[in-house]
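# need a 3D model of the following:
(one chain, ligands or ions: 1)
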Amino acid sequence: MNTQLHFPSPPACPARVARRPACVHPCAAPVACATLRARKADRGDPIPTTEPLKRPRRAPRKIKPAAAPVAEVTFEPLKTERLTLRPLKPDDAESMHRLINDWEVTRTLAEVPYPYPRSLADEWIETTIEELAAGDAWHLAITGHEGEREMLIGVVGLRLDKSGRTGRLGYWVGRAYWRHGVATEAAKRLTSWAFANLPLDLITAEVTEGNEPSRAVLRRIGFRQVGIGMRASVTTGQEHMVTVFEATRDDVFGRIEPPKPEPAPPADDAKPMLLVVACALVDIDQRVLLARRPEGKKMAGLWEFPGGKIRPGETPEAALIRELKEEIGIDVAATCLAPFAFASHDYGTFHLLMPLFICRRWKGTPTPLENQTLTWVRATKLTDYEMPPADKPLIPLLRDFL
Ligand SMILES: Nc1nc2c([nH]c(=O)n2[C@@H]2O[C@H](COP(=O)(O)OP(=O)(O)OP(=O)(O)O)[C@@H](O)[C@H]2O)c(=O)[nH]1
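Okay, the predicted model is just below:
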């Protein structure tokens with residue numbers, strides 16, 4: 001497997017740049033930037049803004065107290081075929097600043113200022129380390145390798161909402177690395193990791209108007225477009241339209257498909273499988289209802305549990321509810337049917353497979369509607385009643401249970 005990434009040098013031709021829409025969208029970076037702005041405001045520092053588009057004024061230099069120790073982060077980097085997604089480090093600030101301080105990159109990131117102050121890269125990375133340690137957000141450096149050298153390519157991030165059940169995905173990629181499928185590879189890896197490791201129901205993402213490449217990234221991962229909205233942009237100072245996407249675990253990993261029926265093996269002793277469902281109705285005195293098969297039926301005179309054949313396409317529960325109504329006139333809810341055991345018996349000409357449910361609640365009085373005889377039997381007395389051979393292994397199980 002080739003783990004090396006060969007990317008071209010940043011394009012120099014402005015015409016080529018102009019044709020290339022930014023494959024980035026509101027990301028990890030903007031959300032954290034909002035936090036940073038709030039923090040800076042608290043401290044009285046200038047708030048980075050794009051209105052007007054110039055470097056934020058710097059407060060006079062103060063003697064800084066000793067830097068607080070950087071929170072310890074233990075996060076096993078996520079690997080893809082070409083990329084490694086790892087926590088950001090203070091050393092990344094220089095490269096990150098070089099990549100993000102680019103109008104073509106920031107113009108689709110609603111809340112990233114342009115120009116991007118160099119000091120903001122340091123502060124933002126510090127925030128990502130703290131948030132990752134707290135389990136609030138996972139902002140990861142997208143890195144590749146050229147030979148032995150590690151290169152920062154972009155950032156992918158996921159932030160949890162207050163409930164911890166919904167995450168918001170974001171990503172951006174340095175301009176030199178566009179059109180290499182980096183955003184898809186990185187965003188897909190983080191999305192898959194998040195659904196497999198966090199108690200998430202949903203991941204959302206927003207794409208600014210006109211950012212077709214970013215929409216394509218989300219669609220390739222399995223995201224669905226669910227609406228549009230307006231967002232205020234720090235970058236442009238205006239409201240702009242965003243398309244809202246979301247994905248569930250099933251959207252990303254795929255739904256469980258109904259199994260395709262296996263073709264029957266051409267075995268000599270192959271015989272039809274008869275699916276029958278039956279029920280041990282248990283009354284308040286812990287007695288079980290048995291029905292005596294009437295004259296004219298096979299095995300007439302034997303005592304059995306009420307039930308019958310499962311029709312094609314019917315669930316065992318639905319078949320049992322239907323049979324109990326038809327045979328003994330009672331109404332049973334599926335929630336009152338508890339799976340108990342099953343019988344698997346070779347009757348010579350067919351093989352019987354019969355799940356046995358237990359039911360203690362029903363509506364109506366059991367009434368023989370098909371010429372059977374009904375009787376309530378204590379568990380200890382069940383062996384006194386002659387039953388079909390398939391039922392015999394079920395009796396000790398029932399006796400022990402009741
Ligand atoms: N309902 C029921 N059927 C059982 C039990 N044990 C057992 O071997 N069977 C077999 O499972 C099949 C039940 O099918 P069924 O009740 O729908 O059909 P049936 O043979 O009475 O005739 P039918 O086709 O006219 O309804 C029969 O072959 C029956 O002998 C049991 O405890 N309850």
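# the residue nearest to Ser192 when sequence neighbours are not counted: helix or strand, and which one exactly?
Sequence neighbours aside, Val252 is the residue nearest to Ser192 in space, at 6.2 Å (criterion: CB to CB, 6 or more residues apart in numbering). C-beta coordinates here come from the backbone N, C-alpha and C atoms, glycine included. In this structure, Val252 is located in helix 249-253 according to DSSP states H and E.
# who does that helix touch, helix- and strand-wise?
helix 182-197 (3 or more CB pairs under 8 Å, 6 or more residues apart in numbering; DSSP states H and E).
# tell me the helix or strand right after the helix it packs on.
In the C-terminal direction from helix 182-197 (assignment by DSSP H and E), the next one is strand 202-208.
# show me where the stretch 51-200 of the chain has helices.
Shown for the stretch 51-200 of the chain, the helices assigned by DSSP state H, counting those that start in this stretch span residues 93-100, 103-106, 118-134, 182-197.
# circling back to that earlier point, who touches the residue nearest to Ser192 in this structure?
Taking CB atoms under 8 Å, 6 or more residues apart in numbering, we find Val252 in contact with Lys188, Thr191, Ser192, Phe195, Ile203, Ile221, Gly222.
# quick check, Glu386 in contact with Glu304.
No - applying CB atoms under 8 Å, one finds Glu386 not in contact with Glu304, separated by 10.1 Å.
# residues touching the residue of the chain most remote from its centre, list them.
For the chain, the largest distance from the centre (CA atoms, centre = their mean) belongs to Glu295, which lies 55.5 Å off. In this structure, Glu295 makes contact with Gly301, Asn371, judged by CB under 8 Å, 6+ apart.
# can you give me the distance of it to Glu370?
According to CB to CB, to the nearest Å, Glu295 and Glu370 sit 12 Å apart.
# what of Val282?
22 Å.
# who's more crowded, these two?
Higher neighbour count among Val282 and Glu370: Val282, with 19 against 14, using other CB atoms under 10 Å.
# wait, doesn't that one sit right on Cys359?
Yes - judged on CB under 8 Å, Val282 makes contact with Cys359 at a distance of 7.2 Å.
# can you show me the CA trace of stretch 177-188 as PDB?
Below are the C-alpha coordinates for stretch 177-188, written out as PDB (Å, rounded to 0.1, in the frame of the first residue of the first chain):
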ATOM      1  CA  TYR A 177      -4.000  19.800  -2.000                       C
ATOM      2  CA  TRP A 178      -7.400  20.300  -3.600                       C
ATOM      3  CA  ARG A 179      -8.800  17.800  -6.100                       C
ATOM      4  CA  HIS A 180      -7.000  14.900  -4.500                       C
ATOM      5  CA  GLY A 181     -10.000  13.500  -2.600                       C
ATOM      6  CA  VAL A 182      -8.400  14.600   0.700                       C
ATOM      7  CA  ALA A 183     -11.500  16.100   2.200                       C
ATOM      8  CA  THR A 184     -13.600  13.000   1.400                       C
ATOM      9  CA  GLU A 185     -11.000  10.700   2.800                       C
ATOM     10  CA  ALA A 186     -10.500  12.600   6.000                       C
ATOM     11  CA  ALA A 187     -14.200  13.500   6.600                       C
ATOM     12  CA  LYS A 188     -15.300   9.900   5.900                       C
END
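# what pLDDT, on average, does it get?
Average pLDDT, stretch 177-188: 96.
# what element comes up after the helix or strand hosting Ser214 heading to the C-terminus?
Ser214 is located in helix 212-221, with elements delineated by DSSP H and E. On the C-terminal side of helix 212-221, the closest following helix or strand by DSSP H and E is strand 224-232.
# ok, that next one: who's next to it in the sheet?
Taking DSSP bridges as the criterion, strand 224-232 pairs within the sheet with strand 239-247 (antiparallel).
# for the partner strand, buried residues please.
Applying a neighbour-count criterion of 16 or more other CB atoms under 10 Å, one finds Val242, Thr243, Val244, Phe245, Glu246, Ala247 buried in strand 239-247.
# quick one: contacts for the last one?
In this case it means Ala247. Counting by CB under 8 Å, 6+ apart, Ala247 has contacts Thr191, Leu202, Ile203, Leu218, Ile221, Gly222, Phe223, Arg224.
# for the first one, same thing?
When the contact criterion is CB under 8 Å, 6+ apart, the partners of Val242 are Pro26, Ala110, Glu206, Val207, Thr208, Glu209, Ile228, Gly229, Met230, Arg231.
# which of these tops the neighbour count?
Looking at the contacts of Val242 with neighbours defined as other CB under 10 Å, the largest count falls to Pro26 at 27 neighbours.
# report the contact partners of Gly174.
Applying CB under 8 Å, 6+ apart, we find Gly174 in contact with Arg98, Leu99, Ile100, Asp102, Val105, Leu152, Ile153, Gly154.
# need those residues in CSV with pLDDT, neighbour count and distance to Gly167, can you?
Converted to CSV, these look like this (pLDDT from 0 to 100; neighbours: other CB atoms under 10 Å; distance: CB to CB, whole Å):
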residue, pLDDT, neighbour count, distance to Gly167
Arg98, 97, 16, 28
Leu99, 97, 23, 24
Ile100, 96, 25, 22
Asp102, 95, 20, 27
Val105, 91, 23, 23
Leu152, 97, 21, 23
Ile153, 97, 26, 22
Gly154, 97, 28, 18
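# out of these, flag the one nearest to the ligand.
Closest approach between those and the ligand, by CB to the nearest ligand atom: Gly154, at 64.2 Å.
# about what we covered before: could you check which of Glu386 and Glu304 has the larger neighbour count?
It is Glu304, of Glu386 and Glu304, that has more neighbours when counted by other CB under 10 Å, with 19 against 12.
# just give me the neighbour total for whichever residue of the stretch 101-250 of the chain sits closest to the ligand.
Here the residue of the stretch 101-250 of the chain nearest the ligand is Asp250; by CB to the nearest ligand atom that distance is 37.0 Å. In terms of burial, Asp250 registers 11 neighbours under the definition other CB under 10 Å.
# please save the CA atoms from stretch 312-320 in PDB.
Coordinates of each C-alpha in stretch 312-320 appear next as PDB, following Å, rounded to 0.1, in the frame of the first residue of the first chain:
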ATOM      1  CA  PRO A 312     -45.300 -16.900   3.700                       C
ATOM      2  CA  GLY A 313     -44.200 -13.300   4.600                       C
ATOM      3  CA  GLU A 314     -45.800 -13.600   8.100                       C
ATOM      4  CA  THR A 315     -43.800 -13.000  11.300                       C
ATOM      5  CA  PRO A 316     -44.100 -15.700  14.000                       C
ATOM      6  CA  GLU A 317     -45.800 -13.200  16.300                       C
ATOM      7  CA  ALA A 318     -48.300 -12.100  13.600                       C
ATOM      8  CA  ALA A 319     -49.100 -15.800  12.700                       C
ATOM      9  CA  LEU A 320     -49.600 -16.600  16.400                       C
END
